[in-house]
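Participant: Next input, structure requested:
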Amino acid sequence: MNKQSRFLLQGLAAAVVAATFSAQAQTVKEPRFPVNNPQPVEGQYVHVPPTMQDLEEADLHPELKRVIRRGHDLFMNTQQLRGKNVFNSMNCSSCHMGEGRLPFAGPVWPAAVVLPNYRPKNDQVNNLEERIAGCFSYSMNGKPPAWGSDDMVALATYHQWLAKGVPIYQPGKSMYGRGYPKLPDPELKPDYARGEQVYREHCQLCHQADGGGVVQDGEVVFPAVWGDKSYNWGAGISRHYTLASFVKHNMPLGRPNSLTDQQAWDVAYYINNHERPQDPRYTGDVKETRAKYLDTFHVHTSYGLEHDGKLLGEHDNVGEKDFLKPDALIRRTYTAD
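Facilitator: Sure, this is the predicted structure:
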């Protein structure tokens with residue numbers, strides 16, 4: 001299946017979803033644009049990232065354009081690295097929607113202007129390549145392309161192209177639509193049964209009853225949201241508040257901001273109380289691993305907690321790969337002093 005066919009299939013599937021749930025359904029195309037999102041507030045930095053059409057019209061060296069195109073291609077179809085760097089059904093664009101351009105959908109251009117910076121998750125200063133490596137290691141349950149490799153350079157270059165014209169660091173300024181803005185705390189404690197009902201009504205059509213997503217002719221149309229083909233226990237979106245915000249602002253596909261905050265919290269809790277591949281930082285004991293990374297991460301996940309009589313994450317299952325921790329996650333000590 002070529003790129004055009006894949007996008008047509010995704011657009012058709014999105015239209016089916018919208019038609020199922022709305023009498024005013026519209027066909028969804030890539031990149032789609034969010035509706036009903038909060039408006040920028042005074043003092044926020046607002047950036048409209050360039051498009052691929054802008055790239056074709058830009059006065060840039062042909063080789064630079066070629067590398068940016070490659071980065072865009074990898075970003076939209078990271079599955080082409082399946083079995084080499086990617087070991088589940090996720091693409092970069094699964095979490096960073098609309099080509100990584102959309103506000104409140106994990107736009108990637110901010111990373112290009114706030115890094116290098118300290119990151120609590122791994123307790124060290126990360127540059128852009130390291131941040132991308134984290135996505136491969138956790139969200140795609142894989143191992144990143146080598147530092148400085150053609151694919152890593154292409155992905156980093158695409159990130160930086162999207163940030164064209166944005167001042168770096170911008171102390172004291174917030175960026176409109178950055179990440180997945182945290183929702184207010186839910187009125188009711190997130191509930192598995194309520195979340196299951198939300199999932200059945202609004203998510204199951206695309207992601208299936210077993211959470212395994214949709215694959216057509218060997219091509220991933222909708223990714224798995226739990227199980228061996230989904231993100232692992234170390235992925236940022238395994239945190240309940242992160243997934244709740246992603247769902248609220250972006251799902252169901254074609255109908256962002258149509259669920260209530262409570263529904264988003266409940267369905268996030270439901271999805272993230274299912275098993276998935278082991279956290280690559282696993283020490284061999286799930287309770288020990290949870291405690292070690294509790295303050296910086298697992299306080300917001302169900303990893304190492306009991307659900308339905310079982311301790312979530314108490315297993316050695318690493319999904320489709322044959323290793324636990326890629327070399328990119330080995331602790332680095334800065335020794336230049």
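
Participant: so where do the helices sit in the stretch 201-337 of the chain?
Facilitator: 204-207, 240-250, 261-271, 286-292 (DSSP state H, counting those that start in this stretch).

Participant: Just give me how far the last one sits from the chain centre.
Facilitator: Just to be clear, that refers to helix 286-292. Relative to its chain's centre, helix 286-292 lies at 24 Å (Cα atoms, centre = their mean, to the nearest Å).

Participant: same check, this time on the second one
Facilitator: Its chain's C-alpha centre lies 10 Å from the corresponding centre of helix 240-250 when counted by Cα atoms, centre = their mean.

Participant: And the third one, by the same measure?
Facilitator: Centre-to-centre, helix 261-271 and its host chain are 17 Å apart (Cα atoms, centre = their mean).

Participant: doesn't residue 262 make contact with residue 187?
Facilitator: Yes - using Cβ atoms under 8 Å, residue 187 is in contact with residue 262, at 6.1 Å. No exception for glycine: its C-beta is placed from N, CA and C like everyone else's.

Participant: the more surrounded of these two?
Facilitator: Neighbour count, other Cβ atoms under 10 Å: between residue 187 and residue 262, residue 262 has more, with 18 against 9.

Participant: For that one, which non-adjacent residue is spatially closest?
Facilitator: Leaving out its chain neighbours, the residue that sits closest to residue 262 by Cβ to Cβ, 6 or more residues apart in numbering is residue 186, at 5.4 Å.

Participant: cool, and residue 221?
Facilitator: Going by Cβ to Cβ, 6+ apart, residue 221 has residue 214 as its nearest residue, at 4.4 Å.

Participant: residues contacting the one you found?
Facilitator: 13, 206, 207, 208, 220, 221, 222 (Cβ atoms under 8 Å, 6 or more residues apart in numbering).

Participant: Next one: it relative to residue 114, how far apart?
Facilitator: Look at residue 214 and residue 114: by Cβ to Cβ, to the nearest Å, they are 35 Å apart.

Participant: Likewise for residue 208?
Facilitator: 36 Å.

Participant: circling back to that earlier point, under a three-state scheme, what state does the residue nearest to residue 262 occupy?
Facilitator: coil (DSSP: H, G, I helix; E, B strand; the rest coil).

Participant: Number of residues surrounding it?
Facilitator: Residue 186: 20 neighbours (other Cβ under 10 Å).

Participant: what residues are up against it?
Facilitator: Contacts of residue 186 by Cβ under 8 Å, 6+ apart are 261, 262, 265, 266.

Participant: Put the buried members of these into a PyMOL selection.
Facilitator: In PyMOL, a selection of the buried entries from these looks like this (16 or more other Cβ atoms under 10 Å):
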select buried, resi 262+265+266
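
Participant: Now render the contacts of residue 186 as a markdown table, adding distance to residue 65 and pLDDT.
Facilitator: Putting the contacts of residue 186 into a markdown table (distance: Cβ to Cβ, whole Å; pLDDT from 0 to 100) gives the following:
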| residue | distance to residue 65 | pLDDT |
| --- | --- | --- |
| 261 | 42 | 98 |
| 262 | 46 | 98 |
| 265 | 43 | 98 |
| 266 | 45 | 98 |
